[in-house]
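> Give the three-dimensional model of this entry:
(one chain, ligands or ions: 2)
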Amino acid sequence: MEQGYPRTNMNETALEALKQAIRTVPDFPEPGIQFKDITPVLGHPELLRLAIDALLAPFQEEAITKVVGIESRGFILGGMLAHHLEAGFVPVRKKGKLPYQTLAETYQLEYGTDTIEMHVDAIKPGDRVLIHDDVIATGGTAEATVRLVERAGGQVVGCAFLIELTALQGRKRLPAHVPIHTVLQL
Ligand SMILES: O=P(O)(O)OC[C@H]1O[C@H](OP(=O)(O)OP(=O)(O)O)[C@H](O)[C@@H]1O
Ligand SMILES: Nc1ncnc2[nH]cnc12
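Ligands and ions are numbered 1, 2, ... in the order given. Predicted structure coming up:
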């Protein structure tokens, strides 16, 4: 890319460059799924910086104390967000992956259910939490993550997603009091 982008006030050109870099892979991981692959953004230094800046923008002055990243793709940018916000990082993982005592939440998938977990001591009452994932699709994973954080006594200051699959209306599953920030709507 020849053109430079400002770090703040992200313009339409920058957003378009990010959008163009998202790769759609048909029929992955199963037939009928149009998979949104963020790895071209991750691998490109300038686009990676743009993605981080865009995710951070509404939360810079929010005194976030913990960024919660959702397994597994939410760990990648989530760790960087925590570093930029000078916050801690908390992994939310699929059932059975975390070593210590956990809180668990089970949520509805399109067919069936899934369970995610967070360490019991990862969030303290008074923590100001930013939840991050790469994609919000049906919203089930994010909805369950909000429940985990609130059960632990944290305040969800916002949820930041790089990609919102708007047709699936995932944001409707999140509680009305939680601000939702999505960088790209696909
Ligand atoms: O809004 P939802 O319908 O709940 O879907 C969104 C979730 O699906 C994807 O994760 P996936 O389960 O593919 O796991 P991975 O990140 O480990 O690949 C994505 O990274 C979100 O975590
Ligand atoms: N289509 C999709 N692409 C990437 N991640 C997803 N998570 C749920 N649906 C997805």
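
> Work out which residue lies at the spatial centre of the protein.
residue 133 (1.7 Å; C-alpha atoms, centre = their mean).

> I'd say that one and residue 75 touch.
No. Counting by C-beta atoms under 8 Å, residue 133 stays clear of residue 75, with 9.5 Å between them. Quick note: C-beta positions are derived from backbone N, CA and C, even for glycine.

> any shared contact partners between the two?
residue 69 (C-beta atoms under 8 Å, 6 or more residues apart in numbering).

> For residue 93, which non-adjacent residue is spatially closest?
Once flanking residues are discounted, residue 93 sits nearest to residue 71: 4.6 Å by C-beta to C-beta, 6 or more residues apart in numbering.

> how far away is that neighbour from residue 166?
Separation of residue 71 from residue 166 (C-beta to C-beta, to the nearest Å): 23 Å.

> More neighbours: which of these two?
residue 71 (17 against 13; other C-beta atoms under 10 Å).

> so who does that one touch?
Here residue 71 is in contact with 91-94, 97, 116 (C-beta under 8 Å, 6+ apart).

> Can you pull the residues of the protein lying near ligand 2?
For the chain, the contact set with ligand 2 under C-beta under 6 Å from any ligand atom comprises 33-36, 135, 137, 165.

> switch to 5 Å and redo it
Residues of the chain found near ligand 2 (C-beta under 5 Å from any ligand atom) are 35-36, 135, 137.

> Give me the buried subset of the residues you listed.
36, 135, 137 (16 or more other C-beta atoms under 10 Å).

> near ligand 1, which of those residues show up?
Among those, ligand 1 is touched by 135, 137 when using C-beta under 5 Å from any ligand atom.

> Just the buried residues out of the contacts of residue 71, in PyMOL syntax.
Selection of buried members from the contacts of residue 71 for PyMOL, criterion 16+ other C-beta under 10 Å:
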select buried, resi 91+92+93+116
